[in-house]
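Asker: Next come a sequence and a model predicted from it.
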Amino acid sequence: MAEISLKKRIWGWMAFDWATQPFYTLGLTFIFGPYFAAVSLGYFETQTSDPDAARASSQALWFWGSTIAGMFIAFTAPLIGAYADSTGRRMPWIWMFTFIYVAMTAALWWTLPDASTLFLILIAFNVALIAAEFMLIFVNAILPSLGDKEEVGRISGNGAALGYWGGVVSLFIMLCLLAENESGKTLIGLDPLFGLDATAREGTRSVGPFIAVWFAVFMIPFFLWVREPRQANRTGGVSEAFADLKQSLKGALKRRSLLNFLVSSMFYRDALNALYSAGGVYATLILGWSIIQIGVFGIVGAITAAIATQIGGIFDSRLGPKPIIKFCCFVLIGVTLVIVGMKRTSIFGIIALPEGSAVPDIIFYVCGAAIGGAGGAIYAASRSMMVRHTHPERPTEAFGLFALSGKATAFLAPMMIALFSTMTGSAQLGYIPVIALFILGLYLLRFVHPEGDHAQWSKSDVPLP
């Protein structure tokens, strides 16, 4: 078999981001998530006469599913990563989770409007989420083999940018050709393609098969061009994986830069995820936006994310990832301050706005662009920074720890937002804890070495497997 060039390997690796992004853009945020919430709301409205209680139950159901999935990932990802590194095999895991992911996303088609499949679909969606996150761990572990530390920043940024463009294209297709609004028409006024029944919400329900087919097609370059190293690290089993994981955790506690980066990223990634998940809710509750406006908002954010992520990758290769992360945190703090202080009638209680003013809409579009851009850049830069803290013989395990830090407090931001909203009686003031999480992340970032801790490794503190 002919040797696969490094250029093809890089393009194959980046294809994963393009293939998986629609799950997050269409599934988690802008199409399936809102549709699931509407279906579950209809179900809970039959269980109680209190509309507020029905909305609370609907939201709680969705987030309980995400919480359980996040906890499962947090507790198992490091072990699976350690096992993969102990055996030296990663591609079989990617293949296995590919089949699970495709089957579970395709099953979202059966999210019937009458809510008869509601709980089964919630399970299917979160199993797909688990599969996607596990694949990401193994794919990220391949990144260190694609270039040196300067090249890795650019490759990571380009891959993430390509993924966001995939989100833009897929969202545009769904909104224009398949997903129907309240009148049964798509964004451009068409009936859903393929004769799909709008009254049964088949256009919107097609998001599941659409995500599955998109992934199956666009993962082909990955499986054709990405290869594991010819020599496995070593042969090992579950007991060896436990021992290696225990050793890695002990080593992480002794590695000041790595430990501070993992905890720092835990806080700022949690805050960023809260902004992602809250965008549509804020637009609905505070600004009274329609589904179409929210869809356009999503396209604007995804386009900005794609452009900013690629630019961030360029600066990462020149300056390193740490300045990129710091800058993005400051941008996101500013955005959150605007969200806290903006109403339909005023800005920070100082600038009064006339009834029907478009200023809040314009400002929130700018905020959405900033969230998308800074969020995309910080994702790619964080992945690049993790490479700088990754043992060359244990990359999958390292990214398992990275996944653990990203999921360990996934409940924190939503819980604090809910608590502050209840205490203050204000939806906007509920986002104050998000600012605190970004500030905590920024503070701990001070103790992270810009070049990671490769030069600091020694046999005594980070023993080889």
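Answerer: Okay, I see it.
Asker: Roughly how far does the residue of the chain positioned farthest from its centre sit from Phe420?
Answerer: Residue farthest from the centre of the chain, counting by C-alpha atoms, centre = their mean, is Pro354 at 37.1 Å. Pro354 is 29 Å from Phe420, where distance means C-beta to C-beta, to the nearest Å. Yep, even glycine has a C-beta here, placed from its N, CA and C like the rest.
Asker: Same check on Leu122?
Answerer: Using C-beta to C-beta, we find Leu122 at a distance of 27 Å from Phe420.
Asker: pretty sure Gln310 is touching Gly157, no?
Answerer: Yes: counting by C-beta atoms under 8 Å, Gln310 touches Gly157, with 5.8 Å between them.
Asker: Which of the two has more residues huddled nearby?
Answerer: Applying other C-beta atoms under 10 Å to Gln310 and Gly157 shows that Gly157 carries more neighbours, namely 29 against 21.
Asker: Give me the three-state assignment for that one.
Answerer: helix (DSSP: H, G, I helix; E, B strand; the rest coil).
Asker: What score does it have for pLDDT?
Answerer: At Gly157, the model reports a pLDDT of 74.
Asker: contacting residues around it?
Answerer: By C-beta atoms under 8 Å, 6 or more residues apart in numbering, the residues touching Gly157 are Thr309, Gln310, Ile311, Gly312, Gly313, Ile314, Asp316, Ser317, Ala377, Ala380, Ala381, Ser384.
Asker: and the host helix or strand of Ala38, which residues are buried?
Answerer: Element membership of Ala38, judged by DSSP states H and E, is helix 32-45. By 16 or more other C-beta atoms under 10 Å, the buried positions in helix 32-45 come out as Phe32, Gly33, Pro34, Tyr35, Phe36, Ala37, Val39, Ser40, Leu41, Tyr43, Phe44, Glu45.
Asker: measure the fifth one to Thr48 for me?
Answerer: To Thr48, Phe36 is 19 Å away according to C-beta to C-beta.
Asker: what's the nearest residue to Pro221 if we skip its chain neighbours?
Answerer: Using C-beta to C-beta, 6 or more residues apart in numbering and skipping residues adjacent in sequence, the residue nearest Pro221 is Ala15, 4.2 Å away.
Asker: Assumed that neighbour was part of a helix.
Answerer: Yes: under three-state DSSP, Ala15 sits within a helix.
Asker: just checking, it touches Trp214?
Answerer: No: using C-beta under 8 Å, Ala15 is not in contact with Trp214, being 11.6 Å away.
Asker: low pLDDT regions in the stretch 101-250 of the chain?
Answerer: Confidence mapping of the stretch 101-250 of the chain against pLDDT under 70 gives the ranges 148-150, 153, 229-250.
Asker: Reduced to three states, what does Leu61 come out as?
Answerer: helix.
Asker: For it, give its distance to Arg55.
Answerer: 11 Å.
Asker: anything in contact with each of the two?
Answerer: Overlap of the contact sets of Leu61 and Arg55 (by C-beta under 8 Å, 6+ apart) consists of Phe44.
Asker: Show me which of the two is the more surrounded one.
Answerer: Leu61 (18 against 15).
Asker: Now do the contacts for the more buried one.
Answerer: Leu61 sits next to Ser40, Phe44, Leu122 when contact means C-beta under 8 Å, 6+ apart.
Asker: with those residues in mind, which one is nearest to Tyr443?
Answerer: Comparing the contacts of Leu61 against Tyr443 with C-beta to C-beta places Leu122 closest, at 36.8 Å.
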